[in-house]
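**Student:** using only what follows, build the 3D model:
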Amino acid sequence: MEATFPIDAVYTWVDGTDPKWLERKHHALELNAGHSMPEAAADDLRFVGHDELRYSLRSLENYAPWIRHVYIVTDGQRPDWLRDDTDWVSVVDHRDIAPEGTELPTFNSQAIEANLHRIDGLSEHFLYFNDDMFLSSPVSPDLFFHANGLASVFLSRALVAPGDPVEGEPAPDAAGKNARDLVWQVCGRRLSRKLFHAPYALNTTISQEIEDRWPETVQRTRDSQFRRLEDITLAGGLHLNYAYAVGRAVTRKTRYRYVGIGEESAASELERLIKDKDSLQTFCLNDAVQDIAPDVADRQVREFLERRFPDMGSFERLPE
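**Tutor:** You can find the predicted model right below:
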């Protein structure tokens, strides 16, 4: 049986070249001077874009036409290629979903993710995409949700490191450790494996349950303008591991590939994605490492995306 309930998609997105946004970021950095942050929490590399969102949406429209609606969550921005009259995509501002009194603006993806379930009109079941996540071939709803509503969890072989968060470690690692401690409180079992960086199958009610159970923890993450060691991932590892712990999610395999676009092997790996497109369901283009020149990485990614998803989407403006 296939899931027949509505399923929306949510993206978080930022134009890291916008002068007004950069001014807000630099001002916030001055105010946060002295606060401990995980490695690279404020690095410009984290906010560099290669027009991924446009092509991720093309992949979604091509391969998951059953998605009811798409929400793009931003900080007072809008992609210049997005049509004003599209009925399929809505832009949602951070201010529209953050509870009153939350520290804004924020440059912390984990803080933004803590508010996604508050989007007005969002379906109970939804997929959360970072803009570096793509579909590679046609997928059905039951890859992500079973007919009875249970969500799919895509476990990686990579392990959550033992111990408490450590000063200077990557933010996702710290958040994974924090999630492990909270899940232990629920079921007395310790999560050990990370998740694939693939679309996350989420439920608004589960996010609200987590907020109700740990309100101070959730709000502390919301108020972190940059990533901190104490953050949790309400729309990632914590959500899905909590859902698994309370019997609302099950593990499942997916045909997935991760490519580090700043690595020396990036060019050959991008070619493999072209060759293997029909055998994969999802892939991720991540820029956590920068071993090659940024302009080279940018050119390679843009050329790949245009080759891989050449057809304009219904949501795009016609070229001038």
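**Student:** which helices and strands does the helix of greatest length in the chain pack with?
**Tutor:** Among the elements of the chain assigned as helix by DSSP state H, the one spanning the most residues is helix 171-187. With contacts taken as 3 or more CB pairs under 8 Å, 6 or more residues apart in numbering; DSSP states H and E, helix 171-187 sits against helix 237-245. (C-beta placed from N, C-alpha, C; glycine too.)
**Student:** helices or strands up against the helix it packs on?
**Tutor:** strand 151-153, helix 171-187, strand 193-195, strand 200-203, helix 204-213, strand 249-251.
**Student:** which one is residue 304 nearest to, not counting chain neighbours?
**Tutor:** residue 270 (4.4 Å; CB to CB, 6 or more residues apart in numbering).
**Student:** contact partners for that neighbour?
**Tutor:** 259, 261, 300-301, 304 (CB atoms under 8 Å, 6 or more residues apart in numbering).
**Student:** and with 7 Å instead?
**Tutor:** 259, 300, 304 (CB atoms under 7 Å, 6 or more residues apart in numbering).
**Student:** that one sits in which helix or strand?
**Tutor:** If you go by DSSP states H and E, residue 270 is part of helix 266-275.
**Student:** so which bits of that helix are buried?
**Tutor:** 266, 269-270, 273 (16 or more other CB atoms under 10 Å).
**Student:** I'd like the residues you listed written out as TSV, with distance to residue 246 and pLDDT added.
**Tutor:** Shown next, in TSV, are those (distance: CB to CB, whole Å; pLDDT from 0 to 100):
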residue	distance to residue 246	pLDDT
266	39	96
269	37	98
270	39	98
273	36	98
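**Student:** go through those residues and name the one nearest residue 73.
**Tutor:** residue 273 (26.6 Å; CB to CB).
**Student:** isn't that closest one right next to residue 282, touching?
**Tutor:** No - between residue 273 and residue 282 there is no contact under CB atoms under 7 Å: 11.0 Å.
**Student:** between the helices and strands packed on helix 237-245, which one is nearest to residue 82?
**Tutor:** Nearest to residue 82, of those and by CB to CB, is strand 200-203 at 22.8 Å.
**Student:** okay, now the sheet partners of that closest one, with direction.
**Tutor:** strand 125-130 (antiparallel) (DSSP bridges).
**Student:** which neighbouring elements make contact with the host helix or strand of residue 305?
**Tutor:** Taking DSSP H and E as the definition, residue 305 sits inside helix 294-308. Judged by 3 or more CB pairs under 7 Å, 6 or more residues apart in numbering; DSSP states H and E, helix 294-308 is in contact with helix 266-275.
**Student:** related to what we said a few turns ago, and the next element down the chain from the helix holding residue 270?
**Tutor:** strand 282-286.
**Student:** dump the helix holding residue 305 to CSV, restricted to CA.
**Tutor:** Backbone C-alpha positions of helix 294-308 (Å, rounded to 0.1, in the frame of the first residue of the first chain) are rendered in CSV as follows:
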residue,chain,number,x,y,z
PRO,A,294,36.4,27.8,-4.6
ASP,A,295,35.9,29.1,-8.1
VAL,A,296,36.8,25.7,-9.5
ALA,A,297,34.3,23.9,-7.2
ASP,A,298,31.6,26.5,-8.1
ARG,A,299,32.2,26.0,-11.9
GLN,A,300,32.1,22.2,-11.6
VAL,A,301,28.9,22.2,-9.6
ARG,A,302,27.1,24.6,-11.8
GLU,A,303,28.0,22.8,-15.0
PHE,A,304,27.0,19.5,-13.4
LEU,A,305,23.6,20.7,-12.3
GLU,A,306,22.8,22.2,-15.7
ARG,A,307,23.7,19.0,-17.4
ARG,A,308,21.8,16.9,-14.8
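**Student:** ok, residues contacting that helix?
**Tutor:** Here helix 294-308 has contacts from 50-51, 55, 261-262, 266-267, 270, 273-274, 285, using CB under 7 Å, 6+ apart.
**Student:** state the pair within those that is farthest apart.
**Tutor:** Spatially, the most separated pair among these is 262 and 274, at 19.1 Å (CB to CB).
**Student:** now do the contacts for the residue positioned nearest the centre of the chain.
**Tutor:** For the chain, the residue sitting closest to the mean C-alpha position, by CA atoms, centre = their mean, is residue 130 at 3.0 Å. Residues near residue 130 by CB under 7 Å, 6+ apart: residue 12.
**Student:** now swap in residue 233 and tell me
**Tutor:** 110, 113, 175, 179.
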